[in-house]
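Colleague: A structural model of the following input is requested.
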Amino acid sequence: MEFFMKKASTAELDAFYPVREECRVEVPKTRFRLRAGKTLSARRWHAAFSEDGHLDIASVLRRIQRGGIHPAIKGVVWEFLLGCFDPNSTFDERNDLRQQRREMYVTLKAECNKMVPVIGSGKFITTPLVTDDGDPIDGAPNGARHDVSDKKVIQWKLFLHQIGLDVVRTDRTLVFYESETNQAKLWEILSVYAWMDNDIGYVQGMNDICSPIVILIENHADAFWCFERAMRKLRENFRCTSTSMGVQSQLATLSQVIRTIDPKLHQHLEELDGGEYLFAFRMLMVLFRREFSFVDSLYLWELMWAMEYNPNIFSSYETSSAGTTPPNASDKELKAFGKFERNNVKTGYAEQHGALSVFLVASVLETKNKQLLKNAKGLDDVVNILGDITGNLDARKACNEALKIHKKYLKNVKS
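Modeller: Numbering: from 1, shown residues only. Coordinates of the predicted model:
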């Protein structure tokens, strides 16, 4: 009976995210299973709302942290986990907000379309539109209908073909991206985002964050704002200067965590010239997309976001405030926090770069501790040993180990 349920679960997941036949061999094995009574189902999700639409977020977080989210409702649940909506709002308030955001997206897209008419056409580009000086390139597709003396416009136009090249490479094993229309949707959302957030613009890796959202949320505007919220959590990782990448701040926190909980391993890595932990760069940058199958990476993300959830996330984004939580929050109030964030609130820990993903990498390093100490004679060995985790990590176990390391670290930091 259990074997039959596993097969049924796998078949159901395959139906939601079908893999191209010729790519089945190269895709990591999916470990996630839909588990009755543990996975957040559509029935449980709808039952968590009051008559006027207030969401019992505590019960939803409990269920997600036990067994993830059913694919049929992932998109709408992610909107709450990422702070698109306030669980204390009503159905009517959320509908109004959704409509306002859709209108804002139409305006942003129209601005972009005016400069590059291919945006919103269901097509996308992979060849440069302008030179580095902003001069139009002969034969460029749907070229520039805009004064390109503006540095912001030039920089944005330079991003567009790079986004297109990355789109072609994004989740190419999935049937979803056999469609040019779906590829164009991903390109459009990344292009409009690069225009809106010209401070960050576009950096390779953002396509890997955006892709699942594009697949899960059908409406372009809704997908855009959900991605924008995901970027609120991650955008500092993508901040580039001529000398550094933003993710280095998280790498520095990772170094501090390992130095605190496993000084022997940290010293060994330092001796191998790996004390800056650059081998973990990709894991943090794209949230383990390469280490997990597509389905398992979605499961990992929703576990992480549920564990990191702070009920003040929506109001902090809307008001641009820090959204701090008083350390004397009651037990009832704390239930609306994810497990990870609850520990931070209880201890007053507020390290800006101490995201759960940092502790997740730490948990991976700890599981490979013996191998690293015994067999790693250089950084190439470290990379190879960590490479073995691809397709072999259990998302839930990894998150639970990360929580244990987080608690251990907080204890050490406090003392």
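Colleague: Below-threshold pLDDT in the stretch 151-300 of the chain: ranges please.
Modeller: Along the stretch 151-300 of the chain, segments meeting pLDDT under 70 span 242.
Colleague: now do 90
Modeller: Judged by pLDDT under 90, the stretch 151-300 of the chain has its weakly predicted residues at 151, 198, 235-237, 239-249, 274-276, 282, 290-291.
Colleague: what about the strands in it?
Modeller: Under the criterion DSSP state E, counting those that start in this stretch, strands are not mapped anywhere in the stretch 151-300 of the chain.
Colleague: Please read off the pLDDT at the residue in the chain sticking out farthest from the centre from the model.
Modeller: Centroid-distance maximum for the chain: Asp138 at 37.5 Å, with Cα atoms, centre = their mean. Asp138 carries a pLDDT value of 72.
Colleague: Can you classify it as helix, strand or coil?
Modeller: coil (DSSP: H, G, I helix; E, B strand; the rest coil).
Colleague: what about the helices in the stretch 51-200 of the chain?
Modeller: Shown for the stretch 51-200 of the chain, the helices assigned by DSSP state H, counting those that start in this stretch span residues 57-67, 74-81, 91-115, 151-169, 180-196.
Colleague: Could I get those helices in JSON lines, plus columns for distance to Cys240 and mean neighbour count?
Modeller: From N, CA and C alone the C-beta is placed, and that goes for glycine too. Listed next are the helices of the stretch 51-200 of the chain as JSON lines, based on distance: least, Cβ to Cβ, whole Å; neighbours: other Cβ atoms under 10 Å:
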{"stretch": "helix 57-67", "distance to Cys240": "33", "mean neighbour count": "20"}
{"stretch": "helix 74-81", "distance to Cys240": "26", "mean neighbour count": "22"}
{"stretch": "helix 91-115", "distance to Cys240": "22", "mean neighbour count": "14"}
{"stretch": "helix 151-169", "distance to Cys240": "12", "mean neighbour count": "19"}
{"stretch": "helix 180-196", "distance to Cys240": "13", "mean neighbour count": "22"}
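Colleague: CA atoms only for stretch 358-366, dumped as PDB, please.
Modeller: Only the C-alpha atoms of stretch 358-366 are listed here, as PDB (Å, rounded to 0.1, in the frame of the first residue of the first chain):
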ATOM      1  CA  VAL A 358      23.600  30.200   5.800                       C
ATOM      2  CA  PHE A 359      22.900  27.600   8.500                       C
ATOM      3  CA  LEU A 360      21.700  25.200   5.800                       C
ATOM      4  CA  VAL A 361      25.200  25.400   4.200                       C
ATOM      5  CA  ALA A 362      26.700  24.900   7.600                       C
ATOM      6  CA  SER A 363      24.600  21.800   8.100                       C
ATOM      7  CA  VAL A 364      25.800  20.400   4.800                       C
ATOM      8  CA  LEU A 365      29.400  21.100   5.800                       C
ATOM      9  CA  GLU A 366      28.800  19.300   9.100                       C
END
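Colleague: Please give the centre-to-centre distance between it and its chain.
Modeller: Remark: stretch 358-366 is offset 17 Å from the chain centroid, using Cα atoms, centre = their mean, to the nearest Å.
Colleague: Which residues does it contact?
Modeller: Stretch 358-366 has contacts (Cβ atoms under 8 Å, 6 or more residues apart in numbering) with 250, 253-254, 257-258, 261-262, 265, 277, 280, 283-284, 288, 304, 340, 372, 386, 389, 393, 398-399, 401-406, 409.
Colleague: how about 7 Å then?
Modeller: With Cβ atoms under 7 Å, 6 or more residues apart in numbering as the test, stretch 358-366 has contacts from 250, 253-254, 257-258, 262, 265, 280, 283-284, 386, 389, 398-399, 401-402, 405-406.
Colleague: ditto for stretch 211-222
Modeller: With contact meaning Cβ under 7 Å, 6+ apart, stretch 211-222 is reached by 74-75, 78, 98, 101-102, 105, 170-171, 176, 185-186, 188-189, 223, 226-227, 230, 298.
Colleague: returning to that earlier point: nearest to Leu334, of the helices of the stretch 51-200 of the chain?
Modeller: Of all the helices of the stretch 51-200 of the chain, it is helix 57-67 that lies closest to Leu334, at 9.1 Å by Cβ to Cβ.
Colleague: How far does stretch 172-181 sit from its chain's centre?
Modeller: The answer for stretch 172-181 is 20 Å, by Cα atoms, centre = their mean.
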